[in-house]
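Q: quick one, structure for this:
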Amino acid sequence: MTTTDPGSHGPAPTDAEPPTAVVVGGGIAGTTTALSLADAGVRVTLLEGRPRLGGLAFSFQRGDLTVDNGQHVYLRCCTAYRWFLDRIDATALAPVQDRLTVPVVDAASRVRTPSGEGPRLGTLRRSALPVPLHLTRSLAAYPHLSVAERLSVARAALALKALDPADPALDAQDFGSWLARHGQSARAVEALWDLVGVATLNAVAGDVSLALAAMVFRTGLLQEPGAADIGWASVPLGELHDTLARKALDTAGVHTELRTRVAGISPTPDGRWTVKAPGGELTADTVVLAAPQRETHDLLPPGALDAPGKLLALGTSPILNLHVIYDRTVLRRPFFAALGSPVQWVFDRTAASGLTEGQYLAVSQSAVQHEIDEPVAVLRERYLPELERLLPATRGAEVRDFFVTRERTATFTPAPGSGALRPGARTRSPGLFLAGAWTATGWPATMEGAVRSGVSAADAALHALGRPRDHLFREAA
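A: Numbering: from 1, shown residues only. Predicted coordinates for the structure are as follows:
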């Protein structure tokens, strides 16, 4: 890096010279910010400390396989992330189900099948009917709840639909207590509310802000019939968030530097910003910090936020992923969710990884603070028998590989009160803005939230620069 990089030198821009920006962080939020600014005519430099883009949604090589660090999905209601996929020309590589279908197997409930004893299977599936009738038939036939529990769930869903996620009072309450007050049994919480909530919020109901839970269930299940249809990448995540994202950035004129960890930022006397990095200093009209909250805290100049300590008070939660390679096909569905077992969600990643013989299953485990640091041997001993209980076809199959990926700070902790800790895109320092799924997007820590934060940061920066903003994804801004 030198001080002559695009967007890094010279006097304040004139009418004929475009404004300049530095985006710190090349995850989904930072990439979105950089693309949005560049599309509006800003000269952008994107700095990323890792040797790749994509943040916590990335891929790596393990022998001949291309492995995602963890399974990432999105929903049809994730309109900002879908816009992002379209912007990087990746929509066809991350298709959405035609209609929500989630197989749910209960390892604790055994039934006789043509091939012998196995776990009871239920399916959550929507119809084409309007909300809330789109789930009525599926819920009525859901075998993992009693008739009384199904009726109770329907009543609670209607009560949840009436809540306003923007109400600050809801942020101070926990979702588990609200469910208990609305007649939800422990079984209903396990077999439905946490089945969805743990995967989307990375916490069990008792540890989740009611405001965030209401937002997730209202948006995903209680507004549009197809909102919860599930989408996921049919290729490695790195192909989307690194390869195609880099191509889009290059085409937009963004100057991207990897392996460049920013050491500090400071305002200049003429109202611009200096960004300090190992290869030199850059000067720009605006800076967007699109880094994790703790790294952002360390980079913030004095006075940028009224209470910067809130960024440290906003905790982080881990996600654990187990990767199992079998010598044969043991799962005929693309994925399933589990009850009565420590296993949560299992996905078939065979084709995406490049595996040509056998089957590769990825087991995605959220809200696992108690397991995140356990040795691989312990996890193998615990989870392989559980997969055998859930998938009878694994009996007699050879496990050719078993490995673990751990994201210890995968998401911000969505605890009661977390909403009050999340800052907006604007800071008190002119020309300095924030992006990241942990900022005040109204969404949990998802790819959708990351894109929305990037659009919001770009919108705020463009407003301050007096640039047109018509190109932005407007729903997120």
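
Q: so, low pLDDT: which residues of the stretch 101-250 of the chain?
A: Along the stretch 101-250 of the chain, the model assigns pLDDT under 70 to residues 113-116.

Q: ok, 80 please
A: In the predicted model of the stretch 101-250 of the chain, residues 112-117 satisfy pLDDT under 80.

Q: okay, now E357: neighbour count?
A: 10 (other Cβ atoms under 10 Å). To be clear about C-beta, it is placed using only N, CA and C from the backbone, and glycine gets the same treatment.

Q: can you pull the contacts of the nearest residue to it once chain neighbours are set aside?
A: Distances taken as Cβ to Cβ, 6 or more residues apart in numbering place D327 nearest to E357, at 7.5 Å, with adjacent residues excluded. Shown in contact with D327 (Cβ atoms under 8 Å, 6 or more residues apart in numbering): E357, G358, A397, E398, V399, R400.

Q: quick one: list the elements packing against the lengthiest helix in the chain.
A: The single longest helix within the chain, with elements called by DSSP state H, is helix 447-465. Packing contacts for helix 447-465, counted by 3 or more Cβ pairs under 8 Å, 6 or more residues apart in numbering; DSSP states H and E, involve helix 28-39, strand 73-75, helix 79-87, strand 286-289, strand 432-434.

Q: same question for the second one, mean pLDDT?
A: Computed over strand 73-75, the mean pLDDT rounds to 98.

Q: wait, D285 touches G431, no?
A: Yes - counting by Cβ atoms under 8 Å, D285 does reach G431; the two are 6.3 Å apart.

Q: re the thing from before, the inter-axis angle of the longest helix of the chain versus helix 28-39?
A: Angle of helix 447-465 versus helix 28-39, following axes from the mean of the first three to the mean of the last three Cα atoms, to 10 degrees, is 40 degrees.

Q: could you export helix 447-465 as PDB, CA atoms only?
A: Output of helix 447-465 as PDB, limited to C-alpha atoms (Å, rounded to 0.1, in the frame of the first residue of the first chain):
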ATOM      1  CA  MET A 447     -26.200 -12.400   6.300                       C
ATOM      2  CA  GLU A 448     -29.400 -10.400   5.800                       C
ATOM      3  CA  GLY A 449     -28.500  -8.200   8.700                       C
ATOM      4  CA  ALA A 450     -24.900  -7.700   7.400                       C
ATOM      5  CA  VAL A 451     -26.200  -6.500   4.000                       C
ATOM      6  CA  ARG A 452     -28.700  -4.200   5.500                       C
ATOM      7  CA  SER A 453     -26.000  -2.700   7.700                       C
ATOM      8  CA  GLY A 454     -23.800  -2.100   4.700                       C
ATOM      9  CA  VAL A 455     -26.600  -0.300   2.800                       C
ATOM     10  CA  SER A 456     -27.400   1.800   5.800                       C
ATOM     11  CA  ALA A 457     -23.800   2.800   6.300                       C
ATOM     12  CA  ALA A 458     -23.500   3.700   2.600                       C
ATOM     13  CA  ASP A 459     -26.700   5.600   2.700                       C
ATOM     14  CA  ALA A 460     -25.500   7.700   5.700                       C
ATOM     15  CA  ALA A 461     -22.100   8.300   4.100                       C
ATOM     16  CA  LEU A 462     -23.600   9.300   0.700                       C
ATOM     17  CA  HIS A 463     -26.000  11.700   2.400                       C
ATOM     18  CA  ALA A 464     -23.100  13.400   4.200                       C
ATOM     19  CA  LEU A 465     -21.200  13.600   0.900                       C
END
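
Q: list the buried ones in it?
A: By neighbour count with 16 or more other Cβ atoms under 10 Å, helix 447-465 contains the buried residues 447-462, 464-465.
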